[in-house]
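Novice: Model the following, please.
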Amino acid sequence: MFNTLTLWQLADSAFPTGGFAHSSGLEAAWQSGEVASPETLALFVRSALWQAGRGLLPLASAACIDPHRLEELDHACHVFLTNVVSSRASCVQGRALAATCARIWPGESMSALEHRVGTLNGHHAPVFGAALSLLGVPLETMQQLFLYTSLRGMASAAVRLGIVGAYAAQRLQVDCAGELDLVRERCAALRDTDIAQTAPILDLLQAGHDRLYSRLFQS
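Specialist: Residues are numbered from 1 along each chain as shown. Sure, this is the predicted structure:
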């Protein structure tokens with residue numbers, strides 16, 4: 001039976017999956033001058049939320065419904081993420097998530113998931129869906145959490161980059177709450193055959209992350 005305390009733990013920024021080390025392309029966008037104000041930051045975050053909803057959430061949803069498809073969905077994610085930087089970040093976070101869950105909730109099913117992920121690329125979206133399915137998290141809740149952690153990660157990165165302060169970042173999350181709900185509503189029924197790239201400019205900006213002169217984040 002699903003315990004809401006599990007959800008709070010998964011949503012906690014202290015949950016050790018390495019997400020704090022990634023900016024989802026925000027650092028590259030900031031250094032390129034594309035994100036230079038709170039207004040352009042909000043535009044970036046909203047565009048990134050829709051990209052997460054259309055491109056990655058369907059893979060997480062499919063894995064949550066049927067964790068046995070993890071290998072197939074991991075391959076689909078690897079083919080979809082042609083951007084080397086985002087693909088690498090996805091694999092690092094997916095493997096970290098599987099390892100963390102296996103240690104926090106030890107058991108045969110989580111150990112088996114960690115072993116399976118170790119034989120794959122280990123992309124974050126399908127691993128996220130499969131892990132939360134094993135924890136008994138309902139599909140709708142999983143979808144909300146997937147999008148929330150994406151939003152929270154970008155807001156946190158914006159603070160550490162000095163784009164906005166802590167209060168403004170929290171306000172940004174409040175302002176984007178309606179957008180998050182809309183993304184989930186529109187993308188809730190999408191599955192792996194529906195994935196699409198909706199923010200190619202953001203993808204191009206993130207692809208240039210490795211060429212930045214100085215970097216605070218890995219992606």
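Novice: Would you map the helices across this structure?
Specialist: 4-11, 26-31, 38-51, 57-65, 70-80, 84-104, 108-118, 124-134, 139-161, 166-175, 177-187, 200-207 (DSSP state H).
Novice: Please identify which of those is closest to residue 217.
Specialist: helix 26-31 (4.9 Å; Cβ to Cβ). In this view, the C-beta of every residue, glycine as well, is placed from N, C-alpha and C.
Novice: Other residues contacting the closest one?
Specialist: Contacting residues not belonging to helix 26-31 are listed as 35-36, 41, 44, 48, 154, 157-158, 161, 163, 202, 205-206, 208-209, 212, 215-217 [Cβ atoms under 8 Å, 6 or more residues apart in numbering].
Novice: Buried ones among the residues you listed?
Specialist: The neighbour count (16 or more other Cβ atoms under 10 Å) marks 35, 41, 44, 48, 154, 157-158, 161, 163, 202, 205-206, 209, 217 as buried among those.
Novice: And for the nearest residue to residue 93 once chain neighbours are set aside, the neighbour number?
Specialist: Once flanking residues are discounted, residue 93 sits nearest to residue 124: 4.3 Å by Cβ to Cβ, 6 or more residues apart in numbering. Applying other Cβ atoms under 10 Å, we find 29 other residues in the vicinity of residue 124.
Novice: State the pLDDT value of residue 124.
Specialist: Residue 124 carries a pLDDT score of 97 in this model.
Novice: Thanks a lot, see you next time.
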